[in-house]
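Engineer: Need a 3D model of the sequence below.
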Amino acid sequence: MALFESPEAVAARLRSVGYLPTEEIATTVFLSGALGKPILIEGPAGTGKTELAKAIARGWGIELIRLQCYEGLDEARALYEWDYRKQLLALQTRGADDGVGSVFDERFLLERPLLRALRARGDRLLLIDEVDRLEIEAEALLLEVLAEFQISIPELGTVVADQPPLVVLTSNGVRDLSEALKRRALFLYLDYPDPERERAIVLAAVPGIELELARAIVHFVASVRELDIRKRPSIAETIDWARSLVVLGADVLDREVVERTLTTLLKHRVDQERVRRDLLGASSV
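Structural biologist: Next up is the predicted model:
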């Protein structure tokens, strides 16, 4: 894609829409456009993988087409399917004055995300979200699309993209992906940000927050993530917690404030109890 002029330009554009990239992120996005290869983003849940794809779409004003993966996803939901009810009606009315030709033509084709991404005009981004939730066999659905940017429809022939979309795949690492899928993409690993970067994210996303409060929030969240808990807080949950504290008028992060707002940060009771026991105790934060 000619959208990306340089890694520095990519970084500047992402920052303009509220996403703070590292040099590695900006370089990978640039190379994806220059080389015409998808990006496979892997990392723990809540580290900004999907948000990066959305930020690219926002930053360059392009259409975002999303395929949300899940166990049991099949060709009919990922690629295309035929509208059987309309086909049946067409067969029943065949021979009428407004007779219908073949029931396997464009009028009866229902586009799903992969086919839509290939046939759409102009710049667009195809987000294949949580690809690791697919069963191994279902990955084969993606290989032709990612390798050749085409889909074979037996009844109509091969659909080839006039202009290939930018493609972003995300994975939470639930299972290992096939080598065939990995070969077709550039790889980017996103972990939880270091304290300095997460503090910058909080300051950018939460208007009116004081630097010291942002620093305390990030330090506490980092301590929470080190515990053996069911779900570590995502970046989005850190931001939500920070916004809640600002709304409540908190200017320091003490034990009382944390106790009152902990449910904003942690969504499992067992995790809240672990934090109360291991981090709060009877002393201040």
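
Engineer: outside of the longest helix seen in the chain, which residues touch it?
Structural biologist: Longest helix in the chain, counting residues (DSSP state H): helix 211-225. Outside of helix 211-225, the residues within contact range by C-beta atoms under 8 Å, 6 or more residues apart in numbering are 192, 195, 198-199, 202-203, 206, 232-233, 238, 241-242, 245-246, 250-253, 258, 265-266, 275, 279, 285. To be clear about C-beta, it is placed using only N, CA and C from the backbone, and glycine gets the same treatment.

Engineer: One more pass at 7 Å, please.
Structural biologist: 192, 195, 198-199, 202-203, 232-233, 238, 241-242, 245, 250-253, 275, 279, 285 (C-beta atoms under 7 Å, 6 or more residues apart in numbering).

Engineer: How about stretch 234-247?
Structural biologist: Counting by C-beta under 7 Å, 6+ apart, 45-48, 193, 198, 201-202, 205-206, 208-209, 213-214, 217, 221, 257, 261, 264-265 sit against stretch 234-247.

Engineer: Quick check: ChimeraX command selecting the buried ones in those.
Structural biologist: Selection of buried members from the contacts of stretch 234-247 for ChimeraX, criterion 16 or more other C-beta atoms under 10 Å:
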select :46,47,48,193,198,201,202,205,206,209,213,214,217,221,257,261,264,265
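
Engineer: Where strands are concerned, which of the contacts of stretch 234-247 count?
Structural biologist: Among these, no member is found in strands (DSSP state E).

Engineer: what about D191, neighbour count?
Structural biologist: 10 (other C-beta atoms under 10 Å).

Engineer: repeat for R199
Structural biologist: 19.

Engineer: any idea how far V202 is from the nearest residue to it once chain neighbours are set aside?
Structural biologist: Excluding the flanking residues, the one nearest R199 by C-beta to C-beta, 6 or more residues apart in numbering is V218, at 4.7 Å. As for V218, its distance to V202 is 6 Å (criterion: C-beta to C-beta, to the nearest Å).

Engineer: Thanks a lot, catch you later.
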